[in-house]
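Chemist: okay, structure incoming, though there's no sequence with it:
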């Protein structure tokens, strides 16, 4: 099956090639009009057109073909199949995502939960061969997506995450940590990282004890905080909720949620991890990626894959041949012969001039001798 490896850049490459062809054709038209204008003004045709017309047309065709071949090579044509073995290497990155109702707060646009999902997508899209898993937690916790290097499948599990994913409401960060610890213990690998994304509210108070388990396992916890500290009302979840409905306590007062950064810093500090805030941007997440890339990469098997065979080399080789031929064609051969003839005529004139001077000098000398 024929396809382009850089199909996503098709519009850009075709546009660039079209612009290059347009400029070259415009140059040829301008040159033709300029020559015609000068010919009408009496300039010698042999002076303006110094090469073979056939050679010039061949060179122009070669330039046009080279532009088209360059565009095709950049698009990376592929046909046929090749089979190869790929080693799976990388770290295990487990992400614990808070889906409690407080994550619906909109002090971070569009909401804490949606921004947290964007952060997870940003991390996963930056990974290279690492396995990633997803734990969802609220009042309870469960493994939403096992460790995998199938990032497309992971994204589907991530998109499905919502406060409705867990029936037991509230926030139990300790439960999330214990669930993550079970995942790492089952895999028994050394390169492991836990990233927990939450606003920091914890209703059970068991998170610090659970974090000590990771310290014993020598696994760092990186806490990612989201939200504001000033407090924000929580929109009611569910399809039946109106845009102006919010969570209220038993007394009818609006429930407000705020980020607890100090708590998250303590959790990270217990395992020699770090705290990162993403309320205003994802730049801090680069630190996590640097940590992941700096770890020992474990090999966890191999797989046989079929992939299209690259064929751009053919177009690149033909492109090099065409450009070489274009450069070697003697467009100004006739002009060089004319220059040689002109130089020869100048030499003859100079010879006749010198001979004339010498003849006059001899005549003057003879006259002086005769006068004596």
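Modeler: Okay, I see it. The shown structure was predicted, so the numbers you read here are calculated from the model rather than taken from an experiment. Numbers count the residues shown, from 1 in each chain.
Chemist: separation between the closest residue to residue 140 other than its chain neighbours and residue 183?
Modeler: Setting aside the residues directly before and after it, residue 140 is nearest to residue 168 in space (CB to CB, 6 or more residues apart in numbering), at 4.5 Å. Just so you know, the C-beta spots here come from the backbone N, C-alpha and C atoms, and that holds for glycine as well. Here residue 168 is placed at a distance of 20 Å from residue 183 (CB to CB, to the nearest Å).
Chemist: who's more crowded, those two?
Modeler: Each of residue 168 and residue 183 has its neighbours counted (other CB atoms under 10 Å); residue 183 has more, 18 against 12.
Chemist: now do the contacts for that one.
Modeler: The contact partners of residue 183, taken as CB atoms under 8 Å, 6 or more residues apart in numbering, are 94, 133, 135, 143, 146-147.
Chemist: can you do 6 Å?
Modeler: Contact analysis of residue 183 by CB atoms under 6 Å, 6 or more residues apart in numbering lists residue 94.
Chemist: that one should be in a strand, yeah?
Modeler: No: counting by DSSP: H, G, I helix; E, B strand; the rest coil, residue 183 is not found in a strand; it is helix.
Chemist: domain parsing for the chain?
Modeler: By the assignment in automatic domain parsing, the chain contains the domains 3-80+312-371, 92-296.
Chemist: how about stretch 265-281: buried residues?
Modeler: Burial within stretch 265-281, assessed by neighbour count using 16 or more other CB atoms under 10 Å, is assigned to 265, 267-268, 270-271, 273-276, 278-279.
Chemist: number of nearby residues for residue 309?
Modeler: As a measure of burial, residue 309 has 10 neighbours, counting by other CB under 10 Å.
Chemist: beyond the helix or strand harbouring it, next helix or strand please.
Modeler: Under the criterion DSSP states H and E, the helix or strand holding residue 309 is strand 298-310. Later in the chain than strand 298-310, the nearest helix or strand by DSSP H and E is helix 312-328.
Chemist: contacts for that next one?
Modeler: Taking contacts as CB under 6 Å, 6+ apart, the residues outside helix 312-328 that touch it are 59, 62, 65-66, 69-70, 72-73, 76-77.
Chemist: please redo it, this time with the cut-off set to 10 Å
Modeler: Where contact means CB atoms under 10 Å, 6 or more residues apart in numbering, the residues beyond helix 312-328 that reach it are 4-6, 58-78.
Chemist: same deal with stretch 258-266?
Modeler: Residues from elsewhere that reach stretch 258-266 (CB under 10 Å, 6+ apart): 102, 105, 107-108, 112, 173, 196-202, 207-208, 211, 221-232, 273-277, 279.
Chemist: make it 8 Å
Modeler: Identification of contacts with stretch 258-266 by CB under 8 Å, 6+ apart yields 198-202, 207-208, 223, 225-232, 275, 277, 279.
Chemist: chain center to that stretch, what's the gap?
Modeler: Averaged C-alpha coordinates place stretch 258-266 at 34 Å from its chain's average position (CA atoms, centre = their mean, to the nearest Å).
Chemist: what comes up buried for it?
Modeler: By neighbour count on 16+ other CB under 10 Å, the buried set for stretch 258-266 is 258-261, 263-265.
Chemist: residue 197 sits in which helix or strand?
Modeler: Counting by DSSP H and E, the element that carries residue 197 is strand 192-198.
Chemist: what about the strands in the chain?
Modeler: All strands of the chain, identified by DSSP state E, fall at 3-4, 77-90, 92-98, 131-137, 141-148, 192-198, 220-225, 232-233, 256-257, 275-277, 298-310.
Chemist: low-scoring stretches of the stretch 151-300 of the chain, by residue?
Modeler: Low-confidence regions of the stretch 151-300 of the chain, defined here as pLDDT under 70, cover residues 186-190, 237-244, 295-300.
Chemist: just the ones in helices from the contacts of helix 312-328, please.
Modeler: For the contacts of helix 312-328, membership in helices holds for 58-74, with DSSP state H as the criterion.
Chemist: just the buried ones from those, in ChimeraX syntax?
Modeler: What follows is the ChimeraX syntax selecting those of these that are buried according to 16+ other CB under 10 Å:
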select :59,62,63,64,66,67,69,70,71,72,73,74
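Chemist: pLDDT at residue 361, what is it?
Modeler: Each residue has a pLDDT score; the one for residue 361 is 77.
Chemist: burial of it, as a residue count?
Modeler: There are 10 residues near residue 361, going by other CB under 10 Å.
Chemist: tell me how far it lies from residue 354.
Modeler: As for residue 361, its distance to residue 354 is 11 Å (criterion: CB to CB).
Chemist: thinking again about what came up before, ok, of the buried residues of stretch 258-266, which one's closest to residue 311?
Modeler: Proximity of the buried residues of stretch 258-266 to residue 311 (CB to CB) peaks at residue 264, which lies at 51.8 Å.
Chemist: nearest spatial neighbour of that closest one, skipping sequence neighbours?
Modeler: The spatial neighbour of residue 264 that comes closest, neighbours along the chain excluded (CB to CB, 6+ apart), is residue 223 at 3.9 Å.
Chemist: thanks a lot, see you next time.
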